[in-house]
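In: could you work out the structure for the sequence below:
(one chain, ligands or ions: 1)
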Amino acid sequence: MSDNLKLAELLFPNITETPDDMEAKFPPRNLKEGVRVTRLAPSPTGFLHFGNLFAGTVAYRTAKTTDGIFFVRVEDTDQKRKIEGAVKVMLDGLEAFGVTADEGVIGEDMEKGDYGPYYQSKRKDIYHVFAKTLVEKDLAYPCFCSAEELDEIRAQQENEPQKGYWGKYAKCRNLSFDEIAEKISAGAPWTLRLKSPGNAENKCFIDDMIKGKIEMPENVQDIVLLKSDGIPTYHFAHAVDDHLMRTTHVVRGDEWMSSCPVHLQLFKCPGFKVPKYAHVAPIMKEENGGKRKLSKRKDPEAAVTFYIEQGYPKESVNEYMMTLMNSNFEDWRKTNKDASIDSFPFNLKKMSVSGALFDMVKFNDVSKNVISLMSADKVYGYTAEWAKEYDADFYAILTEDPAHSTAILGVDRDTPKPRKDIACWSEVKDYISYYFDELFDNNLEMPENITADMAKEILEAYIAVYNENDTKDEWFQRMKDLCEPLGYTPNVKEFKKNPEAFKGHVGDVSTVIRVAVTGRRNTPDLYSIMSLLGKDKVMERLNSALKHFSA
Ligand code: GLU
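Out: Numbering: from 1, shown residues only. From the prediction side, this is the model:
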């Protein structure tokens, strides 16, 4: 037996399976040519950053444009950082915005699919099979250096441009079998390191689907593959996983770009096919004329929970993310107004290389537009669902009479130019508050051009003629008919030509009624509002306003 084979046996005596066994257990997927398999591989930190949702969406859509498979793998090799409930936070956040895994981790300790386990912490033996082969092939070796020895190496490298455990600094690289066996029988702890076949003079290449062709020096570092407890590092684990889970496209944050030379070796050394890469640039924010990354510490919108708590529908978040993902999306949308976002030909190659800019104002505009196109039933359903979780009082009010609430939300909807008032469900309470006495804010402040006397006169006259059975035309005609006897004109143009001749125009008359009935100067169609309020409430509010202006 060669020394390498002996060493492999010494280090991994219990590993009897071989890479071929693994290949047989996790065979290539039976997919048509061109069908993509992508994944999101989060570490369960308990926080889902908007950037993770964004990268997850990119990975999801990359698979879905080919009817492919998107799976979730939990990278929990760092058990020290384990946080209870973290997987749920992450999956709930993804699920809320439609990033649903076909396979992989689908719940806390719940998995589905033939390529699992999908928790890295449950795959130790699989990693050891490949670790053992690397030792057999003389591509990995045990390292006994203590933390102090590694510090010493660092200190020696002060003037060395190439830092880390490599070449002449790699003390354990050339230990003999006997030296190793002795240390192991003495119980010395060891890590397993890659015996890097790289040469810093050589270049390696990646053809990244977002960043384009990239050239970097080859890796020379003998990086750690297995820690002293036998748990793999992320670098090693992900290569084994992406190979065995048959990932075709590795879509991930571009902070991993600089690790690519290491990753290329970790695929090539065990003989894996290198996947295609797509490195997603971070979401940026404008600040003081410059750009910076969207920050968990500084920006509430960096947390995916922000969108859930505010009640932004998944349609809005996805619509906005797509504007950030593909700059041609907005043009496509103009000519495909009613089309599902899923029919947009999403293309990795059209993604921003340096990082798309998150703009809250634009996001809200996009969301208002998306919501303006929803049916009243849908808006009602979504709002109720949100309120049930986040505003119990409002939920009770809203759902007392679902048909009535739906009708309220239907005002000025389903028209060629629907109003764009609502950006998220937490805004609905205020938006419709005047329909409910419990929420009505009786604010009778009139515009400056309308005095208390004018308001009083108009209200008196209107109360005398108000008829709850009017059609919309009759209702408006009544408003116009009030004008002349009171010194106003029903004709706005006429007023503009000769403002001195009138106290105001029909718009001022209707403003007085609007403010009296709703406490606002700007509302959707007043006729519809009054019909929905009903005679009693309208009369009560008109009279109460009249009293106010008569005092
Ligand atoms: N666990 C890594 C992270 O959370 C995943 C990187 C990758 O997708 O390869 O960033």
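In: L264 and K273 touch, don't they?
Out: No - counting by C-beta atoms under 8 Å, L264 sits too far from K273 to count as a contact (11.4 Å). To be clear about C-beta, it is placed using only N, CA and C from the backbone, and glycine gets the same treatment.
In: neighbour count winner among the two?
Out: L264 (20 against 11; other C-beta atoms under 10 Å).
In: show me what contacts the nearest residue to that one once chain neighbours are set aside?
Out: Once flanking residues are discounted, L264 sits nearest to C204: 5.4 Å by C-beta to C-beta, 6 or more residues apart in numbering. By C-beta atoms under 8 Å, 6 or more residues apart in numbering, C204 lies in contact with G198, E215, M216, P217, E218, N219, C260, P261, L264.
In: please indicate which of the residues you listed are buried?
Out: Buried by 16 or more other C-beta atoms under 10 Å: G198, E218, N219, C260, P261, L264, out of the contacts of C204.
In: and the pLDDT for the closest residue to A376 other than its chain neighbours?
Out: Nearest non-adjacent residue to A376, counting by C-beta to C-beta, 6+ apart: G410, 3.4 Å away. Looking at G410, its pLDDT stands at 98.
In: now for G410, how many residues are close by?
Out: By the measure other C-beta under 10 Å, the count of residues near G410 is 17.
In: wait, doesn't it sit right on A403?
Out: No - counting by C-beta under 8 Å, G410 sits too far from A403 to count as a contact (10.3 Å).
In: now the residue in the stretch 101-250 of the chain that the ligand sits nearest to, nearest residue through space, not along the chain?
Out: Among the residues of the stretch 101-250 of the chain, H238 lies nearest to the ligand; the distance is 4.9 Å by C-beta to the nearest ligand atom. Closest residue to H238 apart from its sequence neighbours, by C-beta to C-beta, 6+ apart: A41 at 6.5 Å.
In: surely that neighbour meets R252?
Out: Yes - counting by C-beta under 8 Å, R252 is a contact partner of A41 at 7.2 Å.
In: gap between the residue of the stretch 51-200 of the chain found nearest the ligand and V280?
Out: Relative to the ligand, the nearest point of the stretch 51-200 of the chain is E75 (3.6 Å; C-beta to the nearest ligand atom). Shown here: E75 relative to V280, a distance of 17 Å by C-beta to C-beta, to the nearest Å.
In: those two: who's more crowded?
Out: Each of E75 and V280 has its neighbours counted (other C-beta under 10 Å); V280 has more, 26 against 18.
In: apart from its chain neighbours, what residue comes closest to the more buried one?
Out: A55 (4.7 Å).
In: what's the neighbour count on that neighbour?
Out: Neighbours of A55 under the rule other C-beta under 10 Å: 25.
In: quick one, what contacts L150?
Out: Contacts of L150 (C-beta under 8 Å, 6+ apart): Y165.
In: related to what we said a few turns ago, who's in contact with the residue nearest to H238?
Out: Counting by C-beta under 8 Å, 6+ apart, A41 touches V72, R73, V74, E75, H238, D241, R252.
In: show me the strands in the stretch 401-550 of the chain, by range?
Out: Using DSSP state E, counting those that start in this stretch, the strands of the stretch 401-550 of the chain run over 488-489, 504-505.
In: what pairs with the first one, parallel or antiparallel?
Out: Translated: strand 488-489. Here strand 488-489 is paired, per DSSP bridges, with strand 504-505 (parallel).
In: so for the partner strand, mean pLDDT?
Out: In this model, strand 504-505 has a mean pLDDT of 96.
In: what does stretch 274-294 give?
Out: Here the average pLDDT along stretch 274-294 is 96.
In: phi and psi next, for whichever residue of the stretch 251-400 of the chain sits closest to the ligand.
Out: Going by C-beta to the nearest ligand atom, the ligand is nearest to R252 of the stretch 251-400 of the chain, at 3.3 Å. The phi/psi pair for R252 (degrees, to the nearest 10) reads phi -160, psi 170.
In: now do it: how many residues are near it, please.
Out: Neighbour count of R252, defined by other C-beta under 10 Å: 23.
In: N449 now?
Out: 10.
In: that one: what's it in contact with?
Out: Per C-beta under 8 Å, 6+ apart, neighbours of N449: G504, D508.
In: where's the residue in the chain sticking out farthest from the centre relative to the ligand, distance?
Out: Ranked by distance from the centre of the chain (C-alpha atoms, centre = their mean), the top residue is P485, with 58.8 Å. Using C-beta to the nearest ligand atom, to the nearest Å, P485 is found at 73 Å from the ligand.
In: same check, this time on L11
Out: Distance, L11 to the ligand, by C-beta to the nearest ligand atom: 26 Å.
In: state the pLDDT value of E158.
Out: 89.
In: tally of neighbours for it?
Out: Counted with other C-beta under 10 Å, E158 comes out at 7.
In: let's verify it: helix, strand, or coil?
Out: Following DSSP: H, G, I helix; E, B strand; the rest coil, the label given to E158 is coil.
In: any idea how far E152 is from it?
Out: E158 sits 12 Å away from E152, going by C-beta to C-beta.
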